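**Student:** Sequence isn't available, so here's the structure alone:
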């Protein structure tokens, strides 16, 4: 195969732009730069852990259907787990976001990492809203009637009808988690590929081999 | 060993041991324990959904007034515009009629959808006759009847009907009385949700009707501090935390010029969209991208690193 045909090969191009950009040690590291030593780094992984909990508790609720938690104490507990997981998710995510801001974490060609993080934040907010819409209680009814005005005002309501509970359920348990999941995986891969951004001080020097 | 820190280069300086899988597993366990603890101590709110049946049985005068308003075309739904009807152009953003751009994709004509069509499903001779009289009249006449009855009801706020001493209301009182009976029995909830399919998942019609109520639905929300002017967008029923991440969205509705603007929804949504795009573009804004350098919070984050630097 000629060089130009290899360059045009979709599979080869995908491999070069993904797998060949990282060493296995980048993806699953057993060490980190010495400067990665602060509590602020915990909030990224806690956000992911909360997302794992959201998916797990959401799957439990999915297995029994949207009305289960109204009539079962077990169902109500899992709904509570889902609710508190989302509260924790956003707390951790916002701390992570501001931490990365004050670290100017976009330095060193990491702009895409920052943008995918903001995308994850935005899509998570929409996903959470659809979750509130499918509670099938008074709160969800009220939120649906109020949120419709915002979406209608932008012309979006013609396609995303907050009053259509069935549509909200399908968006919340299928499409939106998929979108959030893809963006989060993309974000993590960018972090792993570029490495954790070093301290602000481009001209700094450090003395000592063992930190 | 002297190392120059270049953020665009792969790190080749000192490292510390790290186990990404172990960290992830511990994080999941910690979050699971936190969520379980919060769930056991605080549980989660679940205020029962309301219905047209609960509304009509709890506050029948409000139901009657709202239903008459649907016939008179004076409710929020009746004058809403897209995506439900052509009654208004909706909020705008300068010359842009954003609400109108996609047209009427979810057709709802409140007078027909909430009152006339459900009454025809009742199989009640009085209801059918009153609807036939209504349909036989001109639109102008229908408006006069409904408006006159709405005015009469507004003068008797505790009443569920007003006698037609001047012969001004046409079939409207009979229609509304029949609709009240239907609503109290729960049949109206079924009629509005099953008008398109016998197995409904779409509650657009009953929710729009409920949202037109000022003395029931909005009142319940007010008591639960859920109204727009109570930062309701980010609140939850009871004392539980709600969508606190919507605080900036909610703030828009608390301050002028948005608070009193007829275009508040479009303005707030547009500003939020711009701010979100702006947040994504922080790395290219000259002033914002320099803030982390000017306000040295990073000195706290990388305290150990800077302390070891000579």
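**Tutor:** Thanks, I have the structure now. Note that the structure is predicted; figures quoted are calculated from it, not measured. Numbering: from 1, shown residues only, chains lettered A, B, ... in the order given.
**Student:** I'd assumed residue B:47 was in a strand, is it?
**Tutor:** No. Read with DSSP: H, G, I helix; E, B strand; the rest coil, residue B:47 is coil and lies in no strand.
**Student:** Apart from its chain neighbours, what residue comes closest to residue B:21?
**Tutor:** Excluding the flanking residues, the one nearest residue B:21 by C-beta to C-beta, 6 or more residues apart in numbering or on different chains is residue A:28, at 7.1 Å. Every residue, glycine included, has its C-beta placed from N, CA and C.
**Student:** ok but residue A:32 is inside a strand, no?
**Tutor:** Yes. Under three-state DSSP, residue A:32 falls within a strand.
**Student:** Do you have the helices of chain A handy? List them.
**Tutor:** Applying DSSP state H to chain A gives helices spanning A:3-8, A:10-17, A:24-27, A:42-64, A:68-71, A:73-102, A:111-133, A:138-153, A:165-170, A:176-194.
**Student:** could you say what helices and strands the fifth one packs with?
**Tutor:** Here helix A:68-71 touches helix A:73-102, going by 3 or more C-beta pairs under 8 Å, 6 or more residues apart in numbering or on different chains; DSSP states H and E.
**Student:** what's the angle from the helix it packs on to helix A:42-64?
**Tutor:** 150 degrees (axes from the mean of the first three to the mean of the last three C-alpha atoms, to 10 degrees).
**Student:** mean confidence for helix A:73-102?
**Tutor:** Helix A:73-102 comes out with an average pLDDT of 97.
**Student:** just how off-centre is the helix or strand hosting residue B:38 within its chain?
**Tutor:** Element membership of residue B:38 [criterion: DSSP states H and E] is helix B:20-42. Computed by C-alpha atoms, centre = their mean, to the nearest Å, the chain-centroid distance of helix B:20-42 equals 32 Å.
**Student:** So which bits of that helix are buried?
**Tutor:** Of all the residues in helix B:20-42, those buried under the rule 16 or more other C-beta atoms under 10 Å in any protein chain shown are B:27, B:28, B:30, B:31, B:32, B:34, B:35, B:36, B:38, B:39.
**Student:** residues in contact with the third one?
**Tutor:** Shown in contact with residue B:30 (C-beta atoms under 8 Å, 6 or more residues apart in numbering or on different chains): A:46, A:49.
**Student:** Let me know the distance separating it from residue B:23.
**Tutor:** 10 Å (C-beta to C-beta, to the nearest Å).
**Student:** still on that earlier bit, check the helices of chain A for me and report the most buried one.
**Tutor:** helix A:138-153 (a mean of 23; mean count of other C-beta atoms under 10 Å in any protein chain shown).
**Student:** what is the orientation angle of it with helix A:111-133?
**Tutor:** Put simply, helix A:138-153 runs at 130 degrees to helix A:111-133, going by the same axes, to 10 degrees.
**Student:** Tell me which other helices or strands helix A:138-153 touches.
**Tutor:** helix A:111-133, helix A:165-170, helix B:204-211, helix B:217-223, helix B:264-280.
**Student:** and of these, who's closest to residue B:68?
**Tutor:** helix B:204-211 (12.6 Å; C-beta to C-beta).
**Student:** Now find how far off-centre that closest one is within its chain.
**Tutor:** Distance, centroid of helix B:204-211 to centroid of chain: 11 Å (C-alpha atoms, centre = their mean).
**Student:** Compute the inter-axis angle for it and helix A:138-153.
**Tutor:** 100 degrees.
**Student:** ok, which stretches of chain B are strands?
**Tutor:** B:2-4, B:15-17 (DSSP state E).
**Student:** Within the sheet, what are the partner strands of the last one, with directions?
**Tutor:** Put plainly, it is strand B:15-17. When pairing is defined by DSSP bridges, strand B:15-17 lines up against strand A:31-33 (antiparallel).
**Student:** what residue ranges in chain A score low on pLDDT?
**Tutor:** Within chain A, the segments meeting pLDDT under 70 span A:1-3, A:6, A:202-211.
**Student:** nearest residue to the closest residue to chain A within the stretch 151-300 of chain B other than its sequence neighbours?
**Tutor:** Nearest to chain A in the stretch 151-300 of chain B, going by C-beta to the nearest C-beta, is residue B:201, at a distance of 2.6 Å. The shortest distance from residue B:201 to any residue other than its chain neighbours is 2.6 Å, reached at residue A:166 (C-beta to C-beta, 6+ apart).
**Student:** Residue A:16 versus the one you found, what's the distance?
**Tutor:** From residue A:166 to residue A:16 the distance is 43 Å (C-beta to C-beta).
**Student:** Kindly report the same for residue A:67.
**Tutor:** From residue A:67 to residue A:16 the distance is 50 Å (C-beta to C-beta).
**Student:** need the contact list for the closest residue to residue B:252 other than its chain neighbours.
**Tutor:** Nearest non-adjacent residue to residue B:252, counting by C-beta to C-beta, 6+ apart: residue B:268, 3.6 Å away. For residue B:268, the contacting residues are A:150, B:249, B:252, B:253, B:258, by C-beta under 8 Å, 6+ apart.
**Student:** who's in contact with residue A:25?
**Tutor:** Listed by C-beta under 8 Å, 6+ apart, residue A:25 has no contact partners.
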